[in-house]
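Novice: Show me how the following folds:
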Amino acid sequence: MRQWFLIPVACFAASVSVVLAQGAATAAATGKVDVQWKCTPPNPMNAVPVPDSADHAYIVESFNCTATKGEIGGVKQKSGTATDFMEATGNNAKGHGVFVETLANGDKITYTYTATGVSANKVMQSGTDKWTAASGTGKFKGIKASGTCTAKGAADGSVTFDCTGTYTMAAGK
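Specialist: Take a look at the predicted model:
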């Protein structure tokens, strides 16, 4: 008489094991970001002088970048375009922008950032930014990521960004 009770218990235990295994397979993956971006000089770059002083301007600019190293979620980081709005006073600037990255598999991640920088002779010398992933496509839909970058400018107006941070992929990705 007790054998009929063991069959439902065995089925229930097997069902729980399958559900737990599926949950483990769809758990969110996490990792570290360590990427270097080589970016062209801004093009276009539009500066509008603010008439309160000779060295005050608002700047809207865009530049293209190529990853020289780095991967995220097991996919090589490839290229990106940054568009930002900066306020420059003298040799100091601060502002915010959007960076849209294209990965080697064709997926995209969109980041927002805030930045500060120092220039000389209208060429960026150094800077920092703080970034957060805003959205992603394909494998990166639902990604959460954040970090910082340090920037070093070159005489030709190009900039190298060394960026680090962490990411969490959406469950099941």
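Novice: Okay, helices next: where are they in this protein?
Specialist: Taking DSSP state H, the helices of the chain run over residues 3-25.
Novice: Output the below-cut-off pLDDT ranges for it.
Specialist: By pLDDT under 70, the weakly predicted segments of the chain are 1-27, 173.
Novice: Mind listing what's buried along stretch 33-40?
Specialist: Along stretch 33-40, these residues count as buried under the neighbour rule (16 or more other Cβ atoms under 10 Å): 33, 35, 36, 37, 39. To be clear about C-beta, it is placed using only N, CA and C from the backbone, and glycine gets the same treatment.
Novice: got the contact list for stretch 61-72?
Specialist: 31, 33-46, 76-84, 86, 99, 103, 109, 140, 145, 159, 161, 163, 167 (Cβ atoms under 8 Å, 6 or more residues apart in numbering).
Novice: in stretch 91-104, what counts as buried?
Specialist: Under 16+ other Cβ under 10 Å, the buried positions of stretch 91-104 are 93, 95, 97, 98, 99, 101, 102, 103.
Novice: quick revisit: just the buried residues of stretch 33-40 now: which is nearest residue 153?
Specialist: residue 39 (9.6 Å; Cβ to Cβ).
Novice: what's the closest non-adjacent residue to that closest one?
Specialist: residue 65 (4.1 Å; Cβ to Cβ, 6 or more residues apart in numbering).
Novice: what pairs with the one you found across the strands?
Specialist: Per DSSP bridges, the residues bridged to residue 65 are residue 39, residue 80.
Novice: Residue 75 versus that one, what's the distance?
Specialist: Relative to residue 75, residue 65 is positioned 17 Å away (Cβ to Cβ, to the nearest Å).
Novice: Settle it for me: which of the two has more neighbours?
Specialist: residue 65 (23 against 16; other Cβ atoms under 10 Å).
Novice: distance of that one from residue 139?
Specialist: Taken as Cβ to Cβ, the span from residue 65 to residue 139 is 21 Å.
Novice: for residue 110, same thing?
Specialist: Residue 110 is 14 Å from residue 139, by Cβ to Cβ.
Novice: rewinding a little: any chance of the buried residues of stretch 33-40 in a markdown table with distance to residue 119 as columns?
Specialist: A markdown table is the format used below for the buried residues of stretch 33-40 (distance: Cβ to Cβ, whole Å):
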| residue | distance to residue 119 |
| --- | --- |
| 33 | 26 |
| 35 | 24 |
| 36 | 21 |
| 37 | 18 |
| 39 | 15 |
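Novice: Strands of this structure, start to end?
Specialist: In the chain, the segments counted as strands under DSSP state E are 30-39, 45-49, 56-69, 71-72, 75-89, 92-103, 108-120, 123-136, 144-153, 159-168.
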